[in-house]
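>>> Below is the structure, and that's it, no one-letter string:
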C-alpha cells in the first residue's frame, strides 16, 4: 500500500521502518527540517521498565503537587480552562488508577526487545546503558511506588529493594554524603539515546520504499477520499492509508477525522553534559523518586532530565527548575560531569493524554491509523507500538496486546 505518516519523531520513524519492512511504500511528512526535533530530541533516555519512570502514568508514582517548594507540576501557562480540565481528568485517573498499566508495561518490555533486535540486526549504536536505581529518601516514597512495583512483579520484571550500602556498591559513583534510605534496583532496565536511533533509522530508510518530506506541514487530512492537504500545495496527495504520529500536532489534525484528543503539552527539561570522571558518574540510569529527576549515562555524556510545566512552546526556560537539575546531579554524582562548558540545555513537551496512555490502533475513518500521545513513554514504547500497528495494518494479530490503548472517550 501507499501509506503516509505524519510526524518524524521516534514514533513516526519507527512506524515507517516497520511498514517499509512489510513492503509498503511510505512517505513521512515532517514540519521541521530533520527527524526527532521536538519531543524526541533530548529525552531522559529511559526505556523499559516504563511504569517507574517519572510521569509514566497517573497514580503510579509520587502524588501530583501544584503548590509549594516541592511542587511536581508548574502551571506556567496559568489557570486556563483547558489546563484545569486536563488536570481534573489526570487526578481522577490517578485516584482510580484507571490507566492500562499492565498492558503498557507488557508493551514496553516488547518494545525493548524489538529495539534490541533492530539495533543488533543493523549494527546501530544507541549509546545504551543497562541497570537502574530508584533512589528513596523516605518510606513514603517507597509506598507511592508500590502499585507500579506490584505490576512489574506480575509482568515478570525483576527488581529488588536494597539498603544504601548495597545501592552504592551497585552504582559506585553515588556520593556517600547524600542521605539515602533505600533503593529499588532494576537490573534489566535499559536506557539509550532516542534521537540518535531516530536519525540512524532515517538515514537507513531514506530512498527505496521510504521518502521523508521535511519542512512540510500537513494542514488537513481528508477522508473522502483519503488525502493530505499540504501547506503551499494546491493539490491534495492521495494515499491508501494515513498514520497520525504527530505528537502535539495530532490534536490539531484530529477534529477533521472525527476524533477528539484532549492532549496537554507538559514541558520538561534536560541537560546533557560531557563525562568528566567515569568513576564518579552513573553506570546506568538513576531516578530520584522525590525530585522526579532522571540521571542517565549516554556514552560519553551524562543527561539529567526532569521538571514538568503546563506552558506554551515559546515560554522562557525556568531557571529554578534547571538549578534543581544541576543540584540533583551534584547531590548524587559530584564531579561526574563537566558542567562549565559543552552543555546542551533543552526544553521539550511530553504530549500527554489524561490517562497517560497513548492511542494506538485504527481511527474513526477507513484507512486512518493512530499512533500518538505517548507522553513520557514515547521512547520506551516506540518500537513496540510501531510493530503492533504495522501488524494491524496488515490485518495480523499483534504479538503484544493493545488492550486499553485504542480510541476511547475522555
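Yes, it's here. Bear in mind the structure is a predicted one, so any value in this text is a computation, not a measurement.
>>> Does the residue nearest to residue 354 when sequence neighbours are not counted lie in a helix or a strand, and which?
Distances taken as Cβ to Cβ, 6 or more residues apart in numbering place residue 89 nearest to residue 354, at 3.5 Å, with adjacent residues excluded. C-beta here means a position set from N, CA and C on the backbone, and glycine is covered the same way. Secondary structure from DSSP states H and E places residue 89 in helix 81-96.
>>> List the residue ranges of the chain that fall below the pLDDT cut-off.
Within the chain, the stretches with pLDDT under 70 are 69, 77-78, 410.
>>> Which parts of it belong to which domain?
In the domain annotation for the chain, the residue ranges read 2-40+196-261+356-393, 81-109+122-190+263-352 (automatic domain parsing).
>>> ok, which stretches of the stretch 201-350 of the chain are strands?
210-213, 218-223, 226-230, 237-238, 241-244, 264-274, 285-288, 293-298, 301-310, 344-352 (DSSP state E, counting those that start in this stretch).
>>> helices or strands next to the shortest one in the packing?
Contact analysis of strand 237-238 by 3 or more Cβ pairs under 8 Å, 6 or more residues apart in numbering; DSSP states H and E lists strand 226-230 as its packing neighbours.
>>> now for the strand it packs on, which elements pack on it?
strand 218-223, strand 237-238, strand 241-244.
>>> switch the cut-off to 10 Å
Applying 3 or more Cβ pairs under 10 Å, 6 or more residues apart in numbering; DSSP states H and E, one finds that strand 226-230 makes contact with strand 2-6, strand 25-29, strand 218-223, strand 237-238, strand 241-244.
>>> Tell me which of these is the most buried.
Highest mean neighbour count among those (mean count of other Cβ atoms under 10 Å): strand 241-244, with a mean of 26.
>>> List the neighbouring strands of it plus their orientation.
If you go by DSSP bridges, strand 241-244 pairs up with strand 2-6 (parallel), strand 368-372 (parallel).
>>> For stretch 212-232, measure first residue to last.
In stretch 212-232, first residue to last residue: 17 Å (Cα to Cα, to the nearest Å).
>>> Tell me the buried residues in that stretch?
By neighbour count on 16 or more other Cβ atoms under 10 Å, the buried set for stretch 212-232 is 212-213, 216, 218, 221, 223, 226-230.
>>> quick one: contacts for the nearest residue to residue 276 once chain neighbours are set aside?
Of all residues not flanking residue 276 in the chain, residue 338 sits nearest, at 4.4 Å (Cβ to Cβ, 6+ apart). Residue 338 sits next to 273-277, 301-302 when contact means Cβ atoms under 10 Å, 6 or more residues apart in numbering.
>>> cutoff 8 Å now
Contacts for residue 338 were tallied using Cβ atoms under 8 Å, 6 or more residues apart in numbering; they are 273-276.
>>> Neighbour-wise, which one of these leads?
Of all the contacts of residue 338, the highest neighbour tally under other Cβ atoms under 10 Å goes to residue 273, namely 22 neighbours.
>>> Quick check: bridge partners of that residue?
Counting by DSSP bridges, the residues bridging with residue 273 are residue 302.
>>> wouldn't it be in contact with residue 343 here?
Yes: applying Cβ atoms under 8 Å, one finds residue 273 in contact with residue 343, separated by 5.5 Å.
>>> and residue 121, helix, strand or coil?
Going by DSSP: H, G, I helix; E, B strand; the rest coil, the secondary structure assigned to residue 121 is helix.
>>> What distance do you get for it to residue 114?
Distance of residue 121 to residue 114, given as Cβ to Cβ, to the nearest Å: 11 Å.
>>> With residue 252 as the reference, name the closest of the helices and strands packed on strand 226-230.
strand 218-223 (9.4 Å; Cβ to Cβ).
>>> picking that back up, which pair in the buried residues of stretch 212-232 has the greatest spatial separation?
Spatial extent of those (Cβ to Cβ) is set by the pair 212 and 223 at 24.1 Å.
>>> can you pull out the helices in the stretch 251-400 of the chain?
319-332, 378-393 (DSSP state H, counting those that start in this stretch).
>>> okay, these, which one's buried deepest?
The highest mean neighbour count among the helices of the stretch 251-400 of the chain, using mean count of other Cβ under 10 Å, belongs to helix 378-393: a mean of 27.
>>> Could you check the angle it makes with strand 368-372?
Following axes from the mean of the first three to the mean of the last three Cα atoms, to 10 degrees, one obtains 160 degrees for the angle between helix 378-393 and strand 368-372.
>>> Could you measure from the residue sitting furthest away from the middle of the chain over to residue 219?
Within the chain, residue 234 marks the point farthest from the mean C-alpha position, 35.3 Å out by Cα atoms, centre = their mean. Separation of residue 234 from residue 219 (Cβ to Cβ) stands at 12 Å.
>>> More neighbours: residue 121 and residue 114, which one.
Using other Cβ under 10 Å, the more surrounded residue of residue 121 and residue 114 is residue 114, with 21 against 8.
>>> Could you find the closest non-adjacent residue to the more buried one?
Residue 114 sits nearest to residue 383 (Cβ to Cβ, 6+ apart), 4.1 Å away.
>>> where exactly do the helices run in the stretch 51-200 of the chain?
Using DSSP H, counting those that start in this stretch, the helices assigned to the stretch 51-200 of the chain run over residues 81-96, 101-122, 139-154, 164-170, 194-205.
>>> Can you lay out those as JSON lines showing distance to residue 310?
As requested, the helices of the stretch 51-200 of the chain are exported to JSON lines (distance: least, Cβ to Cβ, whole Å):
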{"stretch": "helix 81-96", "distance to residue 310": "5"}
{"stretch": "helix 101-122", "distance to residue 310": "23"}
{"stretch": "helix 139-154", "distance to residue 310": "22"}
{"stretch": "helix 164-170", "distance to residue 310": "34"}
{"stretch": "helix 194-205", "distance to residue 310": "23"}
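>>> So which of those helices is nearest residue 407?
Here helix 101-122 is closest among the helices of the stretch 51-200 of the chain (Cβ to Cβ), at 15.0 Å.
>>> So which bits of that closest one are buried?
Counting neighbours by 16+ other Cβ under 10 Å, one finds that the buried residues in helix 101-122 are 101-116, 118-119.
>>> contacts for stretch 387-399?
Outside stretch 387-399, the residues within contact range by Cβ under 8 Å, 6+ apart are 1, 3, 15, 18-19, 21-22, 24, 107, 110, 114, 241, 243, 360-362, 369, 371, 400, 402.
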